[in-house]
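Chemist: Take a look and give me a structure for this.
(2 chains)
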Amino acid sequence: MNLKELISNLQDFYILCIRGLTGIVRRPVYVKDLIEQMDYTGAGSFMIILPVSIFIGMALSLQLSAELSVLGLKMYTGKIVGVSIIREIGPVLVALVFAGRVGSGMASELGSMILGHQVDSLRVFGVDPMKKLVTPRIWSSILMLPMLTLIGDALALLGGYYIAVFVSHQSGTFYWSSVRDAITFENVIAGAAKPFIFGYLIACISCYMGLSTRGGSKGLRQSTTRAVVLSIVMIIISDFLLTRILLYALGFSV
Amino acid sequence: MIEFEKVFFSYGDHHVLRDVSFSMRADERLAILGGSGEGKTTILKLILGLVDADSGRIIIEGDDITDKTEDQLREVRMKFSIVFQEGALFDSLNVKENVAFCLREYSKLSEEEIDRKVREILKVVDVEPAIDLMTDELSGGMHRRVAIARSLAAYEPKVFLYDEPTTGLDPINADNICRLIVDLCKDGKGLITVTHKVSDAMKMAERFMFLKDGMILFDGNKEKLLQSTNDEIQRFISE
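Modeler: Predicted structure coming up:
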């Protein structure tokens, strides 16, 4: 890819990000498509988020209990699990799972629509593919990923509770009270702001990759792979940047 | 109705069309022949403004469309109806929903009226019993018929565009589709069909264009095509 193509692609991506987002305020608004996408991205992802979150909470609690018991600080398990899950692991983990399931789905669906001339058909019929296909996907991701993160956080804390109480033999009441200590305004904001950005990024990258599919089934495979890989990389990079910004904005000293 | 003036088009470094110029009336039936990758489908996409020419002018009813925006092209596209290769039906919708797509998008018809109109159109193309089937449950011939039905439901086109309408169909189905296509043009509507099947093109069109290496090698009627002494054309016709 030469520099001219790279700039052209970045320009197309930028246009998709803006027009996809603002499509919700321009008529016609495809409410049915938005609801369908919310069902696919949200309800459809729940059964994957459920075991992943529980087990990551259990693993984290297990590791911390083992390490903290050596230092005689086992009672801090709940607080550290709480802070880690709410501020960092929960949003990132759910976003990664979301990128794997929803991002690949969006890219492959739009890619096959491109290859099957379905997107051209929409344009011929006077329908703006950006509004019909991209806007519902972007908004469903922006709306559903935070909800999934909230559920994922709760499940991870529940998994942590199970290990702390039944394996590490700590007091359940004390676990929840120390988790409650971690649920401060700053921590919640630090964790809750991220999924909105992650959802937007995943949907934009996946839609762009899908709509730029060329070259048959091999091209479809490449665009789907690119969508997932780039989404994951961007989640990790943007997580660092957001953490830096949020810590500064919320007054944490590093 | 349609005029191409010195049109060039390329995908990156690959030149697809080179110096293509032709014009056609709204009531003509034109078949564009040529091998794979010769730029036949690209001509249809250029007419609809789905891709941009590198240079040259494309004039539709006296209006140059080469610099038009997507919104301005909407009006131009309403003069045509296209059936893409393999039909390009929306695979997440069933037959009824596919045909009703434009009616739901643009008309203010009630669901009962849409249902009645969809059934009427499906009857014209003879696939009414398939109304509730999903697109992957359709045979190749039915798939094309539904695609034609969907294009009929869109609006009143002046010219029909068909991209390889009979590819992948058995001879009987292909013949039926050719008849349907000609029948739909009976009231003075034009058609451009892109195909590499000469026998089917002969059934549908009265004027033929042969593309080779992105250029028009032949443009004329059936008799002239059959009498052409060009080796490429002769080989293509005999195959």
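
Chemist: and chain B, which residues reach chain A?
Modeler: By CB under 8 Å from any CB of the partner chain, the residues of chain B that approach chain A are B:45, B:48, B:50, B:70, B:74, B:77-78, B:80, B:82, B:84-86, B:88-91, B:101-102, B:105-106, B:154. Where you see a C-beta, it was placed from the backbone N, CA and C, and this is true even at glycine.

Chemist: Tell me the buried residues within these.
Modeler: Buried members of the residues of chain B next to chain A, counted by 16 or more other CB atoms under 10 Å in any protein chain shown: B:45, B:48, B:50, B:74, B:77-78, B:80, B:82, B:84-86, B:88-91, B:101-102, B:154.

Chemist: In helices, which of those residues appear?
Modeler: Among these, the members found in helices (DSSP state H) are B:K45, B:R74, B:R77, B:F101, B:C102, B:A154.

Chemist: nearest to A:R221, of the residues you listed?
Modeler: B:K45 (24.7 Å; CB to CB).

Chemist: wait, what's in contact with that closest one?
Modeler: B:K45 sits next to A:D120, B:V51 when contact means CB atoms under 8 Å, 6 or more residues apart in numbering or on different chains.

Chemist: Chain B - how does it break down into domains?
Modeler: B:25-52+B:70-79+B:159-239, B:88-156 (automatic domain parsing).

Chemist: so which of those domains gets nearest A:M58?
Modeler: Among these, the nearest to A:M58 by CB to CB is domain B:88-156 (38.2 Å).

Chemist: got the end-to-end distance for that closest one?
Modeler: Domain B:88-156 has an end-to-end distance of 20 Å (criterion: CA to CA, to the nearest Å).

Chemist: average pLDDT across that domain?
Modeler: The pLDDT scores in domain B:88-156 average 89.

Chemist: Provide a list of residues in contact with B:D170.
Modeler: B:G140, B:G141.

Chemist: for B:G141, that is, sorry about that
Modeler: Residues near B:G141 by CB under 8 Å, 6+ apart: B:L169, B:D170, B:N173, B:N176, B:I177.

Chemist: ok, of the residues you listed, which come out buried?
Modeler: Here, 16+ other CB under 10 Å leaves B:L169, B:N173, B:N176, B:I177 buried among those.

Chemist: list the contacts for the second one?
Modeler: I take that to be B:N173. By CB under 8 Å, 6+ apart, B:N173 lies in contact with B:S139, B:G140, B:G141, B:T166.

Chemist: What about those residues, which one has the most neighbours?
Modeler: Of all the contacts of B:N173, the most densely surrounded is B:T166 (27 neighbours; neighbours counted as other CB atoms under 10 Å in any protein chain shown).

Chemist: so that one makes contact with B:D200?
Modeler: Yes. Between B:T166 and B:D200 there is a contact under CB atoms under 8 Å: 4.6 Å.

Chemist: Need the residues touching each of the two.
Modeler: B:A174, B:C178.

Chemist: related to what we said a few turns ago, could you export the contacts of B:G141 as CSV, including pLDDT?
Modeler: Listed next are the contacts of B:G141 as CSV, based on pLDDT from 0 to 100:
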residue, pLDDT
B:L169, 81
B:D170, 84
B:N173, 82
B:N176, 86
B:I177, 87
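
Chemist: So which of these belong to helices?
Modeler: Per DSSP H, the subset of these in helices is B:N173, B:N176, B:I177.

Chemist: mind checking how far A:R87 is from A:V188?
Modeler: 9 Å (CB to CB, to the nearest Å).

Chemist: And for B:S199?
Modeler: Distance, B:S199 to A:V188, by CB to CB: 71 Å.

Chemist: What of A:C207?
Modeler: Per CB to CB, A:C207 is found 30 Å from A:V188.
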